[in-house]
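Enquirer: please work out how this folds:
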Amino acid sequence: MTEQADLLLIEIEEKMEKSLEGTINEYHTIRTGRAHPALLEGILVEYYGVDTPIKQISSITVPEGNQLYIKPYDKTVLKKLEYAIGTSQLGLTPQNDGVGIRLILPKLTEERRKELAKEVEKLQEKGKVSIRNIRREGNDQMKKISLPEDLEFKYINDVQELTDTYTVKVEEATKNKIEEIMAI
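Expert: Numbering: from 1, shown residues only. So this is what the prediction gives:
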């Protein structure tokens with residue numbers, strides 16, 4: 001029975017790690033004034049009738065600290081690529097040079113930095129809720145194993161320690177992202 005509980009504990013930790021990674025990946029999509037290819041994640045381009053992520057149909061480079069250059073492998077998709085970026089929530093105007101698309105990230109105003117910091121805090125809360133949901137599900141599964149009361153208490157305590165650890169990791173990642181946003 002304890003072997004089953006140990007395996008469950010490992011599974012819970014893996015799920016919490018994935019939740020942390022997912023939260024950090026969402027942070028990458030928030031614009032900080034510095035160009036990063038992850039800004040384009042989540043933007044899909046209609047390519048031969050299929051919505052396709054930009055990184056699968058083009059190369060993305062950072063020629064300067066505040067610029068991205070997107071060069072599609074197939075030039076026939078250039079207009080659709082330009083449209084997808086222009087209508088995305090990035091709020092950037094794509095510049096089509098006939099070969100690729102240049103995105104220039106403007107300097108962030110103090111007000112915009114504060115808005116982005118609030119967005120990061122919302123994502124933080126979403127990440128923490130995800131971790132707490134994993135804890136709740138893990139505790140429920142742990143109780144179904146029918147362990148002796150003292151062992152069940154120990155394992156549930158271990159689940160809580162994992163929850164606390166991953167909550168702190170989310171908070172650290174949030175703090176780092178907010179510092180990055182607020183840096184001028």
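
Enquirer: distance check, the residue of the chain positioned farthest from its centre against residue 133.
Expert: In the chain, counting by C-alpha atoms, centre = their mean, residue 148 sits farthest out from the average C-alpha position, at 39.6 Å. Look at residue 148 and residue 133: by C-beta to C-beta, to the nearest Å, they are 27 Å apart. Placement of C-beta: from N, CA and C, glycine included.

Enquirer: which strands or helices does the helix or strand containing residue 165 pack on?
Expert: Using DSSP states H and E, residue 165 maps to helix 149-182. Applying 3 or more C-beta pairs under 8 Å, 6 or more residues apart in numbering; DSSP states H and E, we find helix 149-182 packed against helix 2-28, helix 110-144.

Enquirer: quick check: which of those is nearest to residue 35?
Expert: With C-beta to C-beta as the criterion, residue 35 lies closest to helix 2-28 of these, at 12.0 Å.

Enquirer: just want the angle from that closest one to helix 149-182.
Expert: 10 degrees (axes from the mean of the first three to the mean of the last three C-alpha atoms, to 10 degrees).

Enquirer: buried stuff in whichever strand in the chain runs longest?
Expert: In the chain, assigned by DSSP state E, the strand with the most residues is strand 67-72. Using 16 or more other C-beta atoms under 10 Å as the test for burial, strand 67-72 gives 68-72.
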